[in-house]
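In: coords below, sequence missing:
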């Protein structure tokens, strides 16, 4: 017996190794050709599965590296002294080993737990009427048409469990692909884009509720009998009540649950403990005839409103990246490739796919016409809701393992998922290219503005993004990761919508013009804190260098100062006695650079930035700065106020040295490097003392350039 267990474990280890490399290779290939990595992982599973390459005999593997499980499960249980009929888990419908299938189920729990954490509960309850109505319409019409389509082709009744499952599988929406397209087209914050993302939240929650109801009905019908309409209603009510009560209770206890898991230690420890809570509720739901994923989603949904939700998301990311691709591969392995080319499967798959596409266009686009959108807007919204993905595959896997969905119907669902995911980008891109607005009335807000930063370093970019998202959450924003692999997120609070994209070293933020001032302030606050931390590290490095007698020149920073310092933009005797007067005087100096297009806008943006967080540093230094449409290029003004001005500095000292830095709002220009150059030079006490005593601009320029050579 011990040898048998060892063999099983060894086989599982080797299978996981093959899966890990296969899903990453095909996932990356899929992304390179512009499709979702999920499809690549699914295709990888199909290719290496028992119905394809995985079933080919190899040296040491007479039945292949992924042998077909149908007969081996019975043999395994017989050797263990168990009856296959007594253990429903080991269904003959499983194509992979029970151990590998179990890992796939754990992965589905992690996936839905993470999805629940990312769901904005307050958005679901009150964000927008349009999102709720459109999400409800999409779920209802998709379920109805999916069930009716299956009923007609299978020649059975509406309440047939196969039809119910195919109906639910038609409701799921995967907006990761949609979000990617909306971001590329700069339409994520458009009326259609915001509505799609809001409706997707309702889609997820309503789909889970509908699954709970259908699972309850399926459990009651599993004996093969029939039920009256009243009995079905009671079963549906019971399933819905179990879900609703569990959800309400967990939401009410969410803060206590958060405090409980915190007892287990640091962020990694309590994040794993939170996942443990999700596993407990998943098991309880399964015991009551509901799917485990419903319990996982409910736990994540409850914890999404707590302050530990973003921490848990971050800490379980490694588990997510390991387990979830394995799940998609396992789903692919369950596909009988020969069935995909069966004419009945192809016909059913074609009709079911057409219905799936049409149901979203009708169910989501139709209600949009009643909510202020025109035909173009309704078409765009319906197109954005077409892609199916993770949830559809999970539900299909549940139906397959329970013996409700056979290989042919499972193949139909796989075809629908593949085709809708592939065609949705083309349909949505076509819809977005249609000229004209998507709303009946002109939208008051102007075109979204875009802010781009190139930090030249991936780690710095990630650090800035993490700090920015954390600040937004602190400000009461709900931050939703729309596409994990692309670093795409959206933050929403009331009518404010901010799109954030992290791509390599590039950070792109989009928002309405009225909200861009807030965005700039938040980003600059992050930069200031990060810059202060880096200066602390720089000071530590300099201390160590001096201790050992080494010099640490920075010629690049010296070159930065050389380019931006202009004696016409320097004053050794500022006249202003208040912060506003100083800002006006420095802006007047900046005009002499020839880069100022709108002085009033420049001063306004400077004041807005300063109100967000004081730009008066310690040791008598103030560096007001902003990215603004008031300038055409980066420019710098330097001013000395010998007797100082009180402008609320961090150490409460009078500010005597002023450096105003203005850069274009497009994000171009080395503003951070310039700030770093000045702060690095002005941290030296002797430099500050000499600056205050200077008589003319040329002395200031020479002194600052020399300071950077030390």
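Out: Right, received. Where do you want to start? Source: prediction; values computed, not measured.
In: the strands in the stretch 401-550 of the chain, which residues?
Out: For the stretch 401-550 of the chain, the strands defined by DSSP state E, counting those that start in this stretch occupy 449-454, 478-483, 488-493, 496-503, 506-511.
In: who's in contact with the first one?
Out: What it means is strand 449-454. Applying Cβ atoms under 8 Å, 6 or more residues apart in numbering, the contact partners of strand 449-454 are 186, 461, 464, 505-513, 516, 519-520, 523, 627, 665-668. Bear in mind the C-beta positions are built from the backbone N, C-alpha and C, glycine included.
In: mind checking which of those are buried?
Out: Neighbour-count burial (16 or more other Cβ atoms under 10 Å) applied to those gives 186, 461, 464, 506-512, 516, 519-520, 523, 627, 665, 667.
In: wait, residue 247 sits on residue 302?
Out: Yes: counting by Cβ atoms under 8 Å, residue 247 does reach residue 302; the two are 6.9 Å apart.
In: more neighbours: these two, which one.
Out: residue 302 (28 against 22; other Cβ atoms under 10 Å).
In: quick check: which helices or strands does whatever helix or strand the more buried one lives in pack against?
Out: Residue 302 belongs to helix 292-303 when assigned by DSSP states H and E. On a contact count with 3 or more Cβ pairs under 8 Å, 6 or more residues apart in numbering; DSSP states H and E, helix 292-303 meets helix 98-118, helix 191-221, helix 229-252, helix 254-262, helix 267-287.
In: compute the inter-axis angle for the second one and helix 98-118.
Out: Counting by axes from the mean of the first three to the mean of the last three Cα atoms, to 10 degrees, helix 191-221 lies at 140 degrees to helix 98-118.
In: from here on, count from 382
Out: Yes, from this point I'll number from 382; that puts the last item at helix 572-602.
In: relative to helix 673-684, how tilted is helix 572-602?
Out: Using the same axes, to 10 degrees: helix 572-602 against helix 673-684 is 130 degrees.
In: ok, the shortest one next?
Out: Here helix 635-643 runs at 100 degrees with respect to helix 673-684, directions being taken by the same axes, to 10 degrees.
In: contacts for helix 635-643?
Out: Contact partners of helix 635-643, identified using Cβ under 8 Å, 6+ apart, comprise 631, 651-652, 654-655, 658, 683-684, 686-689.
In: quick one: residues contacting the nearest residue to residue 882 once chain neighbours are set aside.
Out: Closest residue to residue 882 apart from its sequence neighbours, by Cβ to Cβ, 6 or more residues apart in numbering: residue 889 at 4.4 Å. Residues near residue 889 by Cβ under 8 Å, 6+ apart: 831-834, 880-882.
In: weakest of the helices and strands packed on helix 673-684 in terms of mean pLDDT?
Out: Mean pLDDT across the helices and strands packed on helix 673-684 is lowest at helix 572-602; the value there is a mean of 73.
In: tell me what it is packed against?
Out: Applying 3+ Cβ pairs under 8 Å, 6+ apart, one finds that helix 572-602 contacts helix 502-507, helix 510-535, helix 542-550, helix 556-565, helix 610-633, helix 673-684, helix 756-765, helix 771-782.
In: packed most tightly, which of these would that be?
Out: Most buried of the helices and strands packed on helix 572-602 by mean neighbour count (mean count of other Cβ atoms under 10 Å) is helix 673-684; its value is a mean of 28.
In: in terms of secondary structure, what does the helix or strand that that helix is followed by contact?
Out: As assigned by DSSP H and E, the chain's next helix or strand after helix 673-684 is helix 690-696. Helices and strands touching helix 690-696, by 3+ Cβ pairs under 8 Å, 6+ apart, are helix 479-499, helix 648-668, helix 839-855.
In: list the buried residues in the first one.
Out: Within helix 479-499, the residues that count as buried by 16+ other Cβ under 10 Å are 479, 481-482, 484-499.
In: and that helix, what does it pack against?
Out: helix 383-413, helix 450-460, helix 648-668, helix 673-684, helix 690-696, helix 698-714, helix 771-782.
In: tilt between it and helix 771-782?
Out: Orientation check (the same axes, to 10 degrees): helix 479-499 against helix 771-782 gives 150 degrees.
In: distance from helix 479-499 to the middle of the chain?
Out: 18 Å (Cα atoms, centre = their mean, to the nearest Å).
In: got the angle for it vs helix 698-714?
Out: 130 degrees.
In: so helix 479-499 versus strand 869-874, what angle?
Out: Between helix 479-499 and strand 869-874, the angle comes out at 40 degrees (the same axes, to 10 degrees).
In: now the shortest one
Out: Between the axis of helix 839-855 and that of strand 869-874 there is an angle of 20 degrees, by the same axes, to 10 degrees.
In: nearest to residue 969 among the contacts of residue 889?
Out: Closest approach to residue 969 among these (Cβ to Cβ): residue 832, at 26.7 Å.
In: next, the contact list for the closest residue to residue 768 other than its chain neighbours, please.
Out: Computed as Cβ to Cβ, 6+ apart, the closest residue to residue 768 that is not its neighbour in sequence is residue 805, at 4.2 Å. Residue 805 sits next to 558-559, 764-765, 767-768 when contact means Cβ under 8 Å, 6+ apart.
In: and the furthest pair within those?
Out: The span of the contacts of residue 805, defined through Cβ to Cβ, is set by 558 and 764 at 11.2 Å.
In: between the two ends of stretch 989-1004, how far is it?
Out: The straight-line separation of the ends of stretch 989-1004 (Cα to Cα, to the nearest Å) is 14 Å.
In: so for it, what's the average pLDDT?
Out: 78.
In: how about stretch 807-816?
Out: Computed over stretch 807-816, the mean pLDDT rounds to 82.
In: can you list the buried residues in it?
Out: Using 16+ other Cβ under 10 Å as the test for burial, stretch 807-816 gives 808-809, 812-813.
In: among the contacts of residue 889, which ones are buried?
Out: With burial judged by 16+ other Cβ under 10 Å, the buried subset of these is 831-832, 834, 880-882.
In: so how far is stretch 838-857 from its chain's centroid?
Out: Counting by Cα atoms, centre = their mean, stretch 838-857 comes out at 13 Å from the chain centroid.
In: give me the mean pLDDT for it.
Out: Stretch 838-857 shows a mean pLDDT of 76.
In: buried ones in it, by neighbour count?
Out: Within stretch 838-857, the residues scored as buried using 16+ other Cβ under 10 Å are 841-842, 845-846, 848-850, 852-853.
In: got the phi/psi numbers for residue 979?
Out: phi -150, psi 100 (degrees, to the nearest 10).
In: I'd guessed it sits against residue 1010; true?
Out: Yes: contact criterion Cβ under 8 Å: residue 979 and residue 1010 qualify, at 7.0 Å.
In: quick one, grab the pLDDT at residue 399.
Out: Note on residue 399: pLDDT of 93.
In: pretty sure it sits against residue 429.
Out: Yes: contact criterion Cβ under 8 Å: residue 399 and residue 429 qualify, at 6.2 Å.
In: shared neighbours, these two?
Out: 446-447.
In: quick one: which of the two has more around it?
Out: Between residue 399 and residue 429, counted using other Cβ under 10 Å, the more crowded position is residue 429 (24 against 16).
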